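J.: Have a look at this prediction, sequence included:
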Amino acid sequence: MKLLFIVLSSLFLTSCTGGGLSNPSENSYVSGSGAAVYIKQSDRRDAPKFSGETLTTGVITLNSNQVTVINVWASWCAPCRAEAPLLQEFSIQYPQVQFAGVLTRDNISSAKAFYENFKLTYPTFIDDSILVGFKGSLIPNAIPTTLIIDKQGKVAVRISGEATVATLKKMLEMVIADA
């Protein structure tokens, strides 16, 4: 009886871990808790240069002397859909901050539909290999991940998982005040 319970429990638990997902790219999806990590100025490391092809605006290069919010997202990611309106609203509320997305593990047509559906106005880079440049710093470790880069081009904050209004506002204002 005990062995039967263990076998049935194992089957139940493994059936909840991605086998029934609708998109194969979700099989290796890591969801964050929304926890934020703030790095004091003296311990920050350089962010990579953000330059490349975007979803809607062609090839661009972000200004490296400006506070920047980078959001790593995918159209199939439920927390990404939940936070998209928040990021769009913050991009309007904070015109002194540049916002950009990085598309990961997704296809272009689905990403464009997501972009249009949420009426996003900030650019999204389509080559996620740019994220390799975060090695040695706060790497994006979940989908979504939101990074805040300070005016010196250094990684100051990582929010792993869905960003909330309170967390994003607090972290963004701390980095803006650092300058």
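T.: All right, it came through fine.
J.: counting contacts, what elements does the longest helix anywhere in the chain pack onto?
T.: Ordering each helix of the chain by length in residues (DSSP state H) puts helix 78-93 first. Identification of packing neighbours for helix 78-93 by 3 or more C-beta pairs under 8 Å, 6 or more residues apart in numbering; DSSP states H and E yields strand 68-73, strand 98-103, helix 108-117, helix 165-178. Every C-beta, even on glycine, is put in place using the N, C-alpha and C of the backbone.
J.: And the longest one, what does it pack against?
T.: Of the remaining helices and strands, those touching helix 165-178 by 3+ C-beta pairs under 8 Å, 6+ apart are strand 35-38, helix 78-93, strand 145-149, strand 155-160.
J.: winner for burial among these?
T.: Each of the helices and strands packed on helix 165-178 was assessed for mean neighbour count using mean count of other C-beta atoms under 10 Å. The highest is strand 145-149, with a mean of 26.
J.: where does this structure have low pLDDT?
T.: Along the chain, the parts satisfying pLDDT under 70 run over 1-32.
J.: sorry, back to before: so which of the helices and strands packed on helix 165-178 gets nearest L103?
T.: With C-beta to C-beta, the closest approach to L103 among those belongs to helix 78-93: 10.0 Å.
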